[in-house]
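*Asks:* the sequence and its predicted three-dimensional model are supplied below.
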Amino acid sequence: MWYIYYEEYDLNGQVIRLLYDAIIIGRGPAGISCAIYTTRANLKTLVIGKNDSVLLKAGKVENYYGFEEPVSGRQLLEAGEKQALRLGAQIVADEVVGLEKLDHFTVKCVNGEYRGKTVLLAPGAPVAKAPVPGIEAYEGMGVSYCTTCDGFFYRNRKVGVLGYTDYAVHEAMELLAFTRDVTIFTNGRDLSISPAFREQMDAFRINTGKIKGLYGEGGLEGILFEDGTQEALDGLFVAYGSASGVNFAMKMGILMNGKSIAFNERMETNISGLFTAGDCTGVFKQIAVAVGQGALAARGMIEYVRKQGIPEE
């Protein structure tokens, strides 16, 4: 037989950090479906996500199996979460801002960090790009979406982060390893920063001006603002809104299929133990598809964890 361990201990036998078997990023149908299967398989499961699924805006869903009458998206989501909680899953309302893998996965959130043996990326479809005219022309030529990938190239140079949320502050903090000259550009938006990140704000300059466009010949040279001013800049990192599955993929070197995350028949990415499901896979965006992918991913995660188990003596 096999058993699953949940905790790490120090030399005195005291618990030092909780280690989850499965961490699921995303509280939509794909993530909750996966959690239902992993908890029933006795995997210690944590679901992380803000309660902001696009399904909440669906007033009537009438093409999902088993409902004689239309049901709202909110009702479906709430019923799924109640089912997962009843089975033993934990659900945390938090925003994921980073993901790393060493011996295990570390999921970094606004209000803490969590460690797990496996992770499911199911945060929904990629977020829309920042509404800055002409920004696409400078992608790869001074505009980047990955501080981990490209921060090294801007050592001791002047860089900016385009965003207004905790995600933007997290990315700005990542850049401090390479340069101290970091400005957060909110593009006319008010900052929306949680208390956990407010104490970090002194390390950066803040520019709240509305951006008219970017300028530069052969690469980014700076930002133009609607009030007629401009600011020279060597690099601009986009962290607009919340981090998406694609953002995590870029940072970790996950293979992509166009703008979607690539996966195999087990819903596993090219990184062992990291799975994906739902709209971020680029497959037919339907609840039924997301639920099915979540179930497939769960099966892969269950097999992965059990292979790491320790045989009882």
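*Replies:* Structure received. Residues are numbered from 1 along each chain as shown.
*Asks:* which residues sit in contact with the nearest residue to residue 229 once chain neighbours are set aside?
*Replies:* Closest residue to residue 229 in three dimensions, ignoring its sequence neighbours and counting by Cβ to Cβ, 6 or more residues apart in numbering: residue 209, at 6.9 Å. C-beta coordinates here come from the backbone N, C-alpha and C atoms, glycine included. Contact criterion Cβ atoms under 8 Å, 6 or more residues apart in numbering gives 185, 187, 188, 225, 226, 227, 229 as the residues in contact with residue 209.
*Asks:* so who does the residue nearest to residue 192 when sequence neighbours are not counted touch?
*Replies:* Using Cβ to Cβ, 6+ apart and skipping the chain neighbours, the partner closest in space to residue 192 is residue 165 (5.1 Å). Residues touching residue 165, when contacts are defined by Cβ under 8 Å, 6+ apart, comprise 95, 192, 193, 239, 241, 242.
*Asks:* now the residues you listed in a markdown table, with neighbour count?
*Replies:* Below are these laid out as a markdown table (neighbours: other Cβ atoms under 10 Å):
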| residue | neighbour count |
| --- | --- |
| 95 | 20 |
| 192 | 12 |
| 193 | 18 |
| 239 | 27 |
| 241 | 17 |
| 242 | 20 |
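*Asks:* quick revisit: the residue nearest to residue 192 and residue 187, how far apart?
*Replies:* For residue 165, the distance to residue 187 equals 12 Å [Cβ to Cβ, to the nearest Å].
*Asks:* and residue 229, by the same measure?
*Replies:* Shown here: residue 229 relative to residue 187, a distance of 14 Å by Cβ to Cβ.
*Asks:* and residue 144, by the same measure?
*Replies:* Separation of residue 144 from residue 187 (Cβ to Cβ): 17 Å.
*Asks:* of the two, which one has the most company?
*Replies:* The residue with more neighbours, out of residue 144 and residue 187 and counting by other Cβ atoms under 10 Å, is residue 144; that gives 23 against 19.
*Asks:* for that one, grab phi and psi.
*Replies:* Main-chain dihedrals, residue 144, degrees, to the nearest 10: phi -130, psi 160.
*Asks:* tell me what it is bridged to.
*Replies:* Listed beta-bridge partners, residue 144: residue 237 (assigned using DSSP bridges).
*Asks:* surely it and residue 247 touch.
*Replies:* No: contact between residue 144 and residue 247 fails when scored by Cβ atoms under 8 Å: they sit 11.2 Å apart.
*Asks:* isn't residue 275 right up against residue 268?
*Replies:* Yes: Residue 275 lies in contact with residue 268 (Cβ under 8 Å); the separation is 5.1 Å.
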